[in-house]
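Okay, here's the prediction I keep looking at, along with the sequence it came from:
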Amino acid sequence: MKYFVYLMAFLSLPVFAQQNQEPEDYTIEQFYENTRIGGGYFSPDEDKLLVSSDKSGIFNLFEIDISSAEMQQITSSEEDSYFAIDYVPNSESILYSADKGGNEINHIYLLEPNENPTDLTPGENEKAQFAGWNNEKTGFYYLSNKRNPQFFDLYEMDMQSRESELIYKNEENLSFEDISHNGKLIALTKSITTSENKLYLYNLETEEMTELSEESAQYSASGFDKNDEHFYYITNAGREFKSLIAYNLETNKSSNLFETNWDVMYSYLSENDKYRVIGINEDGKNSLIIENTKTGEEVDLPDMENEDIVAVNISDSEELMRLTIGTAKAPNNLYVYNFSSGELKKLTNTLNPEINPEDLVSAEVVRYESFDGLEIPAIYYKPHQATKDNKVPALVWVHGGPGGQSRVGYSALIQYLVNQGYAILAVNNRGSSGYGKTFFKMDDKKHGEEDLKDCIWGKKWLQEQEYIDSEKIGILGGSYGGYMTMAAMTFTPDEFEAGVNIFGVTNWLRTLKSIPPYWEAFREALYEEMGDPVKDSVALYNKSPLFHAEQVKNPVMVLQGANDPRVLQIESDEIVAALKENNVPVEYVVFEDEGHGFIKKENEIDGYRQIRQFLDKYLKEEE
């Protein structure tokens with residue numbers, strides 16, 4: 001997996017149905033009366049689900065009663081978002097994760113009934129990550145960099161004593177992936193490049209390290225079976241797409257368990273190995289297989305029409321399954337499925353009832369040819385009101401990364417802008433994940449070059465659509481997409497009429513030198529892809545928009561979080577100052593209580609409203 005958190009001709013033109021009436025005009029506040037929900041962990045009695053939701057304005061913890069679907073708020077943070085980890089086994093206590101103001105220094109907290117939260121990992125600069133319950137469910141594993149800020153060690157914490165024990169001391173720049181049920185074996189990876197790594201099994205008793213990786217490829221752990229007879233992993237070794245492999249721990253032999261012509265994203269077994277879940281990244285959308293391992297038969301999942309089963313969680317009894325189901329027209333909703341009865345129950349309604357989903361637009365997968373004939377996949381959103389006689393402005397949307405992927409799913413900002421009459425083409429430029437390892441590696445050390453051309457040829461594709469105002473096309477992106485936005489405005493200054501940079505890199509030399517210490521395990525891999533700030537300083541200087549800001553001609557908007565540990569505020573300060581010095585129209589918005597991305601609803605509302613106002617000013621005809 002890639003880190004860093006993130007067409008003159010075309011094969012065919014999609015045909016879209018014409019709308020007979022314009023949609024209702026919704027405000028950004030109405031879109032943020034929607035609710036985002038994450039998680040969905042079964043209580044020990046399997047009567048409730050623990051979730052994180054921003055219903056309160058930022059993410060807090062809630063419980064959903066499965067029988068009544070009633071949702072009760074159980075934390076009331078007003079400053080920092082809380083994200084559910086799980087119920088403590090055999091109790092009503094809860095674990096959750098939180099940082100401070102978006103600084104990404106996450107701690108693990110224990111919330112007991114009628115008690116104040118307890119910080120279980122209280123080190124001031126300690127970043128901690130939950131890594132699963134032990135087999136007896138008496139404690140949990142977690143990763144922490146308290147010993148060395150650069151490396152994450154593995155600890156086990158006893159829930160009764162609240163004391164932790166160092167299980168694995170990481171001194172070789174490795175990344176923990178998984179641990180066997182008996183606690184004897186751990187799976188580790190070592191990054192080589194952002195698209196290649198190595199996979200190991202380490203015996204904690206004998207201290208023996210066994211390498212499972214056979215060649216240069218991507219590898220990730222996918223768990224152990226209940227009896228620790230097999231270890232499972234996902235790899236694209238010897239093939240273009242990732243498949244699921246079973247490794248026999250007795251014979252030390254690997255066998256191909258599942259493959260298709262798309263990437264296997266993840267796979268895991270239910271508590272007692274009755275079901276295997278396999279998630280597939282199928283052309284920007286999830287495809288899910290749930291197999292009964294005893295019979296070999298696939299579970300016949302409910303027909304969700306045009307909706308996307310994003311994720312599932314099977315209860316410990318293996319009687320119930322939580323489904324997270326999404327669509328481009330609404331935030332994810334939670335359902336519970338009963339394996340015995342086949343009953344599917346909807347627990348949440350996340351879309352604001354004031355919004356008619358028919359006024360929103362579906363995401364369409366399209367493809368176009370880039371400058372060299374390479375086929376580029378993209379996710380397209382066409383406004384209902386766009387016609388040959390009512391041409392609309394458009395935006396090229398660039399995902400984060402490098403190595404991310406725009407996928408079919410709900411985005412409040414996208415739906416808001418499309419509702420306001422902007423067509424949006426979310427480009428999966430070369431270097432994006434999900435389309436095979438060859439495509440994935442195509443942008444290595446070519447950032448701001450060929451991948452930028454893919455975005456420009458996306459603009460050309462938009463211009464071919466008869467309902468697009470070909471002179472009113474902008475570009476927008478966050479994180480790496482923010483860099484691509486600034487690269488477009490700097491190095492191809494005549495292509496886009498306006499650009500919106502959200503938390504984006506503009507000085508690669510500074511960004512790569514100021515990588516947070518806890519990224520040390522893949523720092524070299526990132527250098528291998530992006531360039532070393534010492535050895536490749538000239539190339540990085542040449543692709544950094546800050547040092548070429550005099551080339552920018554058209555209006556730019558920059559949004560920045562003051563607590564961002566990845567893209568420091570000084571970086572945005574400097575590019576904004578340079579643009580102003582050259583008399584380029586620029587708008588700058590800094591959020592004092594955000595990090596690398598938005599967490600608080602009020603900030604999203606404020607930021608997205610200003611984005612729309614900026615775009616209206618420069619991409620629409622204003623009287």
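Now that the structure is in, tell me what you want to look at. Residues are numbered from 1 along each chain as shown.

C-alpha coordinates for stretch 461-478, CSV please?
Extracted in CSV, the C-alpha atoms of stretch 461-478 (Å, rounded to 0.1, in the frame of the first residue of the first chain):
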residue,chain,number,x,y,z
TRP,A,461,-12.8,14.6,-21.8
LEU,A,462,-15.1,17.0,-19.9
GLN,A,463,-14.8,19.5,-22.7
GLU,A,464,-16.0,16.9,-25.2
GLN,A,465,-19.3,16.7,-23.3
GLU,A,466,-21.9,18.9,-25.0
TYR,A,467,-23.4,20.1,-21.8
ILE,A,468,-20.1,21.3,-20.2
ASP,A,469,-19.0,24.9,-20.5
SER,A,470,-15.5,24.2,-21.9
GLU,A,471,-14.1,27.5,-20.7
LYS,A,472,-15.2,27.1,-17.1
ILE,A,473,-13.2,24.1,-15.7
GLY,A,474,-11.3,24.1,-12.4
ILE,A,475,-9.4,21.6,-10.4
LEU,A,476,-9.7,20.6,-6.7
GLY,A,477,-8.0,18.1,-4.4
GLY,A,478,-6.9,17.4,-0.9
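
where exactly do the helices run in the protein?
28-31, 412-419, 437-440, 450-464, 480-491, 508-513, 523-530, 537-542, 569-581, 601-619 (DSSP state H).

Deepest-packed of these, please.
Mean neighbours per residue, mean count of other C-beta atoms under 10 Å, is largest over the helices of the chain for helix 480-491, with a mean of 28. To be clear about C-beta, it is placed using only N, CA and C from the backbone, and glycine gets the same treatment.

Report the distance from that helix to the chain centre.
The chain centre lies 20 Å from the centre of helix 480-491; the measure is C-alpha atoms, centre = their mean, to the nearest Å.

Tell me which other helices or strands that helix touches.
strand 392-398, helix 450-464, strand 468-478, strand 499-502 (3 or more C-beta pairs under 8 Å, 6 or more residues apart in numbering; DSSP states H and E).

repeat that with 10 Å
On a contact count with 3 or more C-beta pairs under 10 Å, 6 or more residues apart in numbering; DSSP states H and E, helix 480-491 meets strand 392-398, strand 423-427, helix 450-464, strand 468-478, strand 499-502, strand 556-561, helix 569-581.

Just the CA trace of it, in CSV.
Provided in CSV are the C-alpha atoms of helix 480-491 (Å, rounded to 0.1, in the frame of the first residue of the first chain):
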residue,chain,number,x,y,z
TYR,A,480,-1.7,14.8,-2.5
GLY,A,481,-4.7,16.0,-4.5
GLY,A,482,-4.0,19.5,-3.1
TYR,A,483,-0.4,19.1,-4.5
MET,A,484,-1.8,18.1,-7.9
THR,A,485,-4.0,21.1,-7.8
MET,A,486,-1.1,23.5,-7.2
ALA,A,487,1.1,21.6,-9.7
ALA,A,488,-1.6,22.2,-12.3
MET,A,489,-2.0,25.9,-11.5
THR,A,490,1.8,26.3,-11.5
PHE,A,491,3.2,24.1,-14.2
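
ok, back up a step: which one, of the helices and strands packed on helix 480-491, ends up nearest to residue 140?
Nearest of those to residue 140, taken as C-beta to C-beta: strand 556-561 at 30.5 Å.

Distance check, residue 289 against residue 265.
Per C-beta to C-beta, to the nearest Å, residue 289 is found 11 Å from residue 265.

Likewise for residue 28?
The gap separating residue 28 from residue 265 is 32 Å, by C-beta to C-beta.

can you map out the strands along the stretch 101-250 of the chain?
Listed in chain order, the strands found in the stretch 101-250 of the chain under DSSP state E, counting those that start in this stretch are 107-111, 118-119, 128-133, 139-148, 151-158, 164-168, 175-179, 185-193, 196-203, 209-211, 219-224, 230-235, 243-248.

returning to what we had before: name the residues contacting each of residue 289 and residue 265.
278-280 (C-beta atoms under 10 Å, 6 or more residues apart in numbering).

What is the end-to-end distance of stretch 519-539?
23 Å (C-alpha to C-alpha, to the nearest Å).

Hmm, I typed the wrong one, I wanted stretch 70-81.
Length of stretch 70-81, first residue to last, C-alpha to C-alpha: 22 Å.

List the buried residues for it?
Buried residues in stretch 70-81, counted by 16 or more other C-beta atoms under 10 Å: 71, 75, 77, 80-81.

Pull the distance from it to the chain's centre.
Worked out by C-alpha atoms, centre = their mean, stretch 70-81 lies 23 Å from the chain centre.

send the alpha carbons of stretch 440-460 over as PDB?
Taking Å, rounded to 0.1, in the frame of the first residue of the first chain, the C-alpha atoms of stretch 440-460 are listed here in PDB:
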ATOM      1  CA  PHE A 440       0.000   1.600  -9.400                       C
ATOM      2  CA  LYS A 441       3.800   2.100 -10.100                       C
ATOM      3  CA  MET A 442       3.500   4.300 -13.100                       C
ATOM      4  CA  ASP A 443       3.900   7.600 -11.300                       C
ATOM      5  CA  ASP A 444       7.000   6.600  -9.200                       C
ATOM      6  CA  LYS A 445       9.300   9.700  -9.200                       C
ATOM      7  CA  LYS A 446       7.200  11.200 -11.900                       C
ATOM      8  CA  HIS A 447       4.800  13.100  -9.700                       C
ATOM      9  CA  GLY A 448       3.400  16.300 -11.200                       C
ATOM     10  CA  GLU A 449       4.300  15.000 -14.600                       C
ATOM     11  CA  GLU A 450       2.500  12.200 -16.300                       C
ATOM     12  CA  ASP A 451      -0.100  11.900 -13.500                       C
ATOM     13  CA  LEU A 452      -0.800  15.600 -14.000                       C
ATOM     14  CA  LYS A 453      -1.200  15.000 -17.700                       C
ATOM     15  CA  ASP A 454      -3.900  12.400 -16.900                       C
ATOM     16  CA  CYS A 455      -5.800  15.200 -15.000                       C
ATOM     17  CA  ILE A 456      -5.400  17.500 -18.000                       C
ATOM     18  CA  TRP A 457      -6.700  14.900 -20.400                       C
ATOM     19  CA  GLY A 458      -9.600  14.400 -17.900                       C
ATOM     20  CA  LYS A 459     -10.400  18.100 -18.500                       C
ATOM     21  CA  LYS A 460     -10.300  17.500 -22.200                       C
END
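
picking that back up, kindly state which of the helices of the chain is positioned closest to residue 55.
helix 601-619 (9.3 Å).

From the chain's centroid, how far away is the closest one?
Between the centre of helix 601-619 and the centre of its host chain there is 22 Å, according to C-alpha atoms, centre = their mean.

For it, what does the pLDDT average out to?
On average, the pLDDT along helix 601-619 is 94.

Now do that helix and strand 392-398, the angle between them.
Computed with axes from the mean of the first three to the mean of the last three C-alpha atoms, to 10 degrees, the direction of helix 601-619 lies at 130 degrees from that of strand 392-398.

just the angle between helix 601-619 and strand 468-478, please?
Between the axes of helix 601-619 and strand 468-478, defined by the same axes, to 10 degrees, the angle is 150 degrees.

circling back: can you add pLDDT and give the shared contacts of residue 289 and residue 265 back as a markdown table?
Formatted as a markdown table, the shared contacts of residue 289 and residue 265 follow (pLDDT from 0 to 100):
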| residue | pLDDT |
| --- | --- |
| 278 | 96 |
| 279 | 95 |
| 280 | 96 |
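
that older thread, out of the helices of the chain, flag the one nearest residue 142.
Among those, helix 523-530 comes nearest to residue 142, with 22.3 Å by C-beta to C-beta.

which secondary structure elements does the closest one contact?
Using 3+ C-beta pairs under 10 Å, 6+ apart: helix 523-530 touches strand 185-193, strand 196-203, helix 508-513.

go with 6 Å
On a contact count with 3 or more C-beta pairs under 6 Å, 6 or more residues apart in numbering; DSSP states H and E, helix 523-530 meets strand 185-193.
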